[in-house]
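1. coords below, sequence missing:
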Ligand SMILES: Nc1ncnc2c1ncn2[C@@H]1O[C@H](COP(=O)(O)OP(=O)(O)OP(=O)(O)O)[C@@H](O)[C@H]1O
């Protein structure tokens with residue numbers, strides 16, 4: 001098995017017309033990581049995923065899947081990868097079971113028993129024509145197809161969007177099982193932070209085409225804090241502090257900073273030594289502070 005990172009990008013950029021949708025993204029998804037990608041609507045999550053997988057062309061930089069250029073993936077790499085888009089297409093004329101039988105042949109580790117179990121659990125009639133499935137059923141079926149492939153790399157674009165709470169919880173469990181049992185690597189985008197916290201090992205924030213914060217979920221809550229600086233301290237600050245993510249306000253009135261504490265050794269002494277209150281941020285507060 002190749003030991004290249006399952007997914008990687010450097011200086012990846014993409015524009016649609018005048019709009020820079022991805023703006024020089026450096027990214028690496030390590031083997032066995034379960035990474036949750038979060039960001040506001042239109043931040044560029046789906047575009048990033050599609051570029052990484054070579055489904056759309058990028059304009060600048062590079063991206064790779066298992067070390068192969070994304071836009072020229074060999075069959076070997078494709079067989080190790082499963083992807084569920086935000087709105088899966090239906091192959092209308094096929095019945096659900098026929099579709100699974102058909103695609104199962106292309107995957108060396110196809111798990112027919114898992115597919116059958118999830119079909120039953122998620123109440124999809126195997127004889128149902130795919131164009132007659134509801135959006136939620138269609139999404140479930142696409143997820144069953146991806147999970148039963150037992151991929152080395154599973155990529156899900158907002159997988160929970162059309163799922164009811166029971167199916168959502170099942171999905172999170174299946175993702176966790178896939179990662180723990182077979183060491184699969186998972187990338188999923190979501191707006192549901194509680195889902196992310198339940199299953200992700202890593203998290204990345206996308207904001208206006210850039211990756212703002214990226215790292216292990218454990219420790220992230222300890223790492224970021226906001227702090228209010230009085231004018232006397234604000235006047236001493238350089239234009240940008242090491243680890244600074246956001247700065248609000250005017251120096252003459254005091255500043256509010258969002259900071260990564262792991263860079264604090266490089267801060268000016270008054271900031272390190274003053275009796276300032278650093279408020280640690282939970283994931284949701286961090287998200288709001290970062291992207292607002
Ligand atoms: N085919 C396209 N043509 C033109 N603009 C596009 C196209 N696809 C996406 N965009 C624009 O690129 C930006 C990023 O879109 P993208 O779908 O990647 O966002 P997202 O973070 O996945 O959003 P959401 O959370 O709403 O799914 C948006 O402003 C969108 O309008």
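-> Everything's here; your move. The model shown is predicted, which means the values in this text are computed figures rather than measured ones.
2. CA atoms for contacts and neighbours, from now on please.
-> Fine.
3. tell me where the stretch 151-292 of the chain has helices.
-> Using DSSP state H, counting those that start in this stretch, the helices assigned to the stretch 151-292 of the chain run over residues 165-182, 193-199, 220-223, 231-234, 269-273, 283-291.
4. for burial, what's the neighbour tally of residue 220?
-> The number of residues packed near residue 220 is 20, by other CA atoms under 10 Å.
5. check contacts around the closest residue to it other than its chain neighbours.
-> Spatial nearest neighbour of residue 220, excluding adjacent residues (CA to CA, 6 or more residues apart in numbering): residue 283 at 7.8 Å. Residue 283 sits next to 193, 220, 221 when contact means CA atoms under 8 Å, 6 or more residues apart in numbering.
6. ok, now which ones touch the last one?
-> The one in question is residue 221. 280, 281, 282, 283.
7. from residue 185, how far out is the spatially most central residue of the chain?
-> Central residue of the chain (CA atoms, centre = their mean): residue 37, 2.3 Å from the mean position. Separation of residue 37 from residue 185 (CA to CA, to the nearest Å): 14 Å.
8. repeat for residue 27
-> Using CA to CA, residue 27 is found at 14 Å from residue 185.
9. the two: who's more crowded?
-> Per other CA under 10 Å, whichever of residue 27 and residue 185 has more neighbours is residue 185, with 25 against 17.
10. before we move on, what SS does the spatially closest residue to that one that is not a sequence neighbour have?
-> Leaving aside its sequence neighbours, residue 185 sits nearest to residue 32 (CA to CA, 6+ apart; 4.4 Å). Assigned with DSSP: H, G, I helix; E, B strand; the rest coil, residue 32 falls in the coil class.
11. quick check, residue 32 in contact with residue 186.
-> Yes. With contact defined as CA atoms under 8 Å, residue 32 reaches residue 186; the gap is 7.4 Å.
12. common neighbours of these two, please.
-> With CA under 8 Å, 6+ apart as the test, residue 32 and residue 186 both reach residue 179.
13. okay, the two: which has more neighbours?
-> Using other CA under 10 Å, the more surrounded residue of residue 32 and residue 186 is residue 186, with 31 against 19.
14. shouldn't that one be in contact with residue 157?
-> No. The pair residue 186 and residue 157 does not pass the contact test of CA under 8 Å, sitting 10.9 Å apart.
15. the closest residue to residue 160 other than its chain neighbours: neighbouring residues, count only.
-> Nearest residue to residue 160, sequence neighbours excluded (CA to CA, 6+ apart): residue 168, at 5.8 Å. Using other CA under 10 Å, residue 168 is surrounded by 17 other residues.
16. do you know the pLDDT at residue 168?
-> At residue 168, the model reports a pLDDT of 91.
17. with residue 130 instead?
-> At residue 130, pLDDT is 88.
18. what does the protein put close to the ligand?
-> Contact residues, the chain versus the ligand (CA under 6 Å from any ligand atom): 16, 21, 39, 40, 41, 42, 43, 44, 45, 46, 47.
19. give me phi/psi at residue 50?
-> Residue 50 adopts backbone torsions of phi -70, psi -40, taken as degrees, to the nearest 10.
20. quick one: contacts for it?
-> Going by CA under 8 Å, 6+ apart, residue 50 touches residue 56.
21. pLDDT score for it?
-> 96.
22. residue 135 too?
-> Residue 135 is assigned 85 on the pLDDT scale.
23. pull the number of nearby residues for it.
-> 17.
24. how about it: what's its closest non-neighbour residue?
-> residue 162 (6.8 Å).
25. which stretches of the stretch 1-150 of the chain form strands?
-> For the stretch 1-150 of the chain, strands defined by DSSP state E, counting those that start in this stretch occupy the ranges 7-16, 19-29, 34-38, 60-65, 68-69, 81-84.
26. adjacent strands (with direction) for the shortest one?
-> With DSSP bridges as the test, strand 68-69 is paired with strand 60-65 (antiparallel).
27. for the partner strand, what is the distance to the chain centroid?
-> Relative to the centre of its chain, strand 60-65 is centred 17 Å away, using CA atoms, centre = their mean, to the nearest Å.
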